[in-house]
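J.: model the following, please.
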Amino acid sequence: MKKIILTFLLFFTMLTFSYGQDLIIIRPNAAVGYFYADDTKGTAVNYGLNFLLSSNEFQRYGLIFDHLTMPDNKEISYLCTGIMIEQVLLNYFNMGIGTIGYINLVQTGENPFGLYTHLGFEYNFSRRFNAVASYRSDFIFRKHFSMYSALQLGFGIRF
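T.: All right, here's what the predicted structure looks like:
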């Protein structure tokens, strides 16, 4: 619970320092992919929100809040929170990287950390709305090293 509170405090601190900016992006996203570890393998899904602030027209930074779960295995259920940076190249290619803490929602288990990356395509419908389709990879550093790869789709709303 302390990690969630600290993450929210970090987010509001970022909002305070970026008060003069006009672009805050809230991006709901969902993904379906493959979870691979020594002890577990199978299809996994995740869904959540990204809160992003713009440094300039092509660079962003922000927070990730996701829920990663495996429908076939009730032992894998993580609340993923972390920080990320994102860059847009040539107005369409979107890439990002960040560090994530995986909070285990099942009582038995550990709370590992990991590295998040994505590479994809971004299309702006207007100044306020955009869509992102990307390939996501999570490298989860736990006792049995895990990797989660997924095709992800998100829709951004700018304020």
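J.: show me what contacts Phe35?
T.: Lys41, Gly42, Thr43, Ala44, Leu68, Met70, Ile76, Ser146, Met147, Tyr148 (C-beta atoms under 8 Å, 6 or more residues apart in numbering). Any C-beta I mention is one placed from the backbone N, CA and C, and that applies to glycine too.
J.: make that Arg142, sorry
T.: Ala37, Tyr102, Glu110, Pro112.
J.: how about these in CSV, adding pLDDT, secondary structure and distance to Ser54?
T.: As requested, these are exported to CSV (pLDDT from 0 to 100; DSSP: H, G, I helix; E, B strand; the rest coil; distance: C-beta to C-beta, whole Å):
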residue, pLDDT, secondary structure, distance to Ser54
Ala37, 88, strand, 36
Tyr102, 92, strand, 27
Glu110, 82, coil, 35
Pro112, 90, coil, 30
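J.: now stretch 128-135: average pLDDT?
T.: Mean pLDDT, taken over the full extent of stretch 128-135, equals 90.
J.: how about it: buried residues?
T.: Neighbour-count burial for stretch 128-135 flags Asn130, Val132, Ser134 (criterion: 16 or more other C-beta atoms under 10 Å).
J.: what does stretch 52-69 give?
T.: Of the residues in stretch 52-69, those buried (16+ other C-beta under 10 Å) are Leu52, Leu53, Ser54, Arg60, Tyr61, Gly62, Leu63, Ile64, Phe65, Asp66, Leu68, Thr69.
J.: fine by me, thanks again.
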